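Trainee: what follows is a predicted structure for the sequence shown.
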Amino acid sequence: MKTALITGANKGIGLEVAKQLTQKGFFVYVGSRNLESGQAAVAKLKADGLHNLEAVQLDVTDQASVDAAARVISKKTEVLDVLINNAGISGGFPQSALDATMDQFRNVYETNVFGIARVTQAFIEFLKKSPVPRIVNVSTAMASLTLAADPASSGYNYKLAVYQSSKAALNMYTINLAYELRDTLFKINMVCPGYTKTDFTNYQGTSTVQEAGARITKYALTGPDGPTGKFISEEYFPEPTSCPW
C-alpha cells in the first residue's frame, strides 16, 4: 500500500486531499499541529467508511515536532510515496509592504517557507525509498510576480506583501529542490488549488474544496512522464506549466 503524509491536514483542502488519496488506496498520515484536531478529522473520515488513516502531531514551525513525527512514522513504515506540504498561514490583515511588522513576516515565513524546507528535509530519506516519490508544495497564483505587477491582472489591486512574498519564496525553493533531484524518480511541483471556499478565505471563492483537493491529488499521482519543477494553476491557466512568472 502506498503511503502519504499531508501537513495541515485536519481541515479544509488538506483534509480533502487526505480523503481523496485514501479513496485511491493510500495509507495517509494526517499531519496536524494539534493532535486532537487531527484525531477528530481522522475519526470523521473513518465514520464515512475510510480507514487507512492515522493522525500525527506535526507542527511545521517546530523542529522537535517534525523530528518526533518522523520517528512516529518510522515505526510504521520506512517509505513515503507522497509528501504534500499543505500547511500554511496568511499572516492576518492588512499586509502593507511598509507597515507589516517584522513579527508578521517572521511568523508567515516560518510556516510557509522554513516549515516546508524543514518537513521536506526530515522526510526526504523516506521518499527516496519509494519507486514513485512525489512532492506537492501548495502554492498560489498570488505568488506570480508577473501577474502581481500587471495593472490589467484581476489581482493587481489585491496585495498581501507578507503572504505573497512567502509563497514566491516557496516557489523558488521548490524549483531548486526539483533541480537537485532532476536525475531521480522524483516529481516535485508547486500547485495552486485555486480560490477555494474554506475558512482560509472566509468561505469565499470560485472553487469548491473538492475541486481544489482534486488539483493537488492529480499531481501527487502524476506518472513518470509528468511535470517536475513546475508551477501549476489549473483554475487560471489551461496548461500545467505555467503561470507567466
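Mentor: Looks like it came in fine.
Trainee: assumed I135 was part of a strand.
Mentor: Yes. Under DSSP: H, G, I helix; E, B strand; the rest coil, I135 sits within a strand.
Trainee: apart from its chain neighbours, what residue comes closest to it?
Mentor: Once flanking residues are discounted, I135 sits nearest to I188: 4.4 Å by C-beta to C-beta, 6 or more residues apart in numbering. Just so you know, the C-beta spots here come from the backbone N, C-alpha and C atoms, and that holds for glycine as well.
Trainee: tell me which element that neighbour is part of?
Mentor: Using DSSP states H and E, I188 falls within strand 187-191.
Trainee: so the residue nearest to I135 is in contact with R134, correct?
Mentor: Yes. The criterion here is C-beta atoms under 8 Å, and I188 meets it with R134 at 7.5 Å.
Trainee: tell me which of those two has more neighbours.
Mentor: I188 (27 against 24; other C-beta atoms under 10 Å).
Trainee: remind me which residues of the chain are low pLDDT?
Mentor: 195-206, 236-245 (pLDDT under 70).
Trainee: how close does the residue nearest the centre of it sit to N171?
Mentor: Centroid check for the chain by C-alpha atoms, centre = their mean gives N86 as the closest residue, at 2.5 Å. Separation of N86 from N171 (C-beta to C-beta, to the nearest Å): 15 Å.
Trainee: cool, A68 as well?
Mentor: Taking C-beta to C-beta, one finds A68 at 29 Å from N171.
Trainee: more crowded one of those two?
Mentor: N171 (21 against 16).
Trainee: still on that earlier bit, the residue nearest to the centre of the chain is in contact with L15, isn't it?
Mentor: No. Proximity of N86 to L15 does not meet the contact threshold set by C-beta under 8 Å, at 9.4 Å.
Trainee: between these two, what contacts are shared?
Mentor: A9 (C-beta atoms under 8 Å, 6 or more residues apart in numbering).
Trainee: now stretch 156-163: how far from the chain's centre is it?
Mentor: Stretch 156-163 sits 20 Å away from the centroid of its parent chain (C-alpha atoms, centre = their mean, to the nearest Å).
Trainee: now do it: everything it contacts.
Mentor: Residues outside stretch 156-163 that contact it (C-beta under 8 Å, 6+ apart) are 90-91, 93, 95-97, 100, 104-105, 108, 112, 142, 147-150.
Trainee: enumerate the positions of the lengthiest helix in the chain that are buried.
Mentor: In the chain, ranked by residue count with DSSP state H as the criterion, the top helix is helix 161-180. For helix 161-180, a neighbour-count test (16 or more other C-beta atoms under 10 Å) marks 161-171, 173-175, 177-178 as buried.
Trainee: just stretch 127-142 next, same as before
Mentor: Counting neighbours by 16+ other C-beta under 10 Å, one finds that the buried residues in stretch 127-142 are 127, 130, 132-142.
Trainee: so what's the gap between it and the chain middle?
Mentor: A distance of 8 Å separates the centroid of the chain from that of stretch 127-142, by C-alpha atoms, centre = their mean.
Trainee: just the CA trace of the strand or helix carrying A43, in PDB.
Mentor: Assessed by DSSP H and E, A43 sits inside helix 35-47. C-alpha atoms of helix 35-47 as PDB (Å, rounded to 0.1, in the frame of the first residue of the first chain):
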ATOM      1  CA  LEU A  35      -3.100  16.200  17.700                       C
ATOM      2  CA  GLU A  36      -6.700  16.200  19.000                       C
ATOM      3  CA  SER A  37      -7.800  18.100  15.900                       C
ATOM      4  CA  GLY A  38      -6.100  15.600  13.700                       C
ATOM      5  CA  GLN A  39      -7.600  12.700  15.600                       C
ATOM      6  CA  ALA A  40     -11.100  14.300  15.200                       C
ATOM      7  CA  ALA A  41     -10.500  14.700  11.500                       C
ATOM      8  CA  VAL A  42      -9.500  11.100  11.100                       C
ATOM      9  CA  ALA A  43     -12.500   9.900  13.100                       C
ATOM     10  CA  LYS A  44     -14.700  11.900  10.800                       C
ATOM     11  CA  LEU A  45     -13.300  10.200   7.700                       C
ATOM     12  CA  LYS A  46     -13.400   6.800   9.300                       C
ATOM     13  CA  ALA A  47     -17.100   7.400  10.100                       C
END
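Trainee: right, I'll leave it there.
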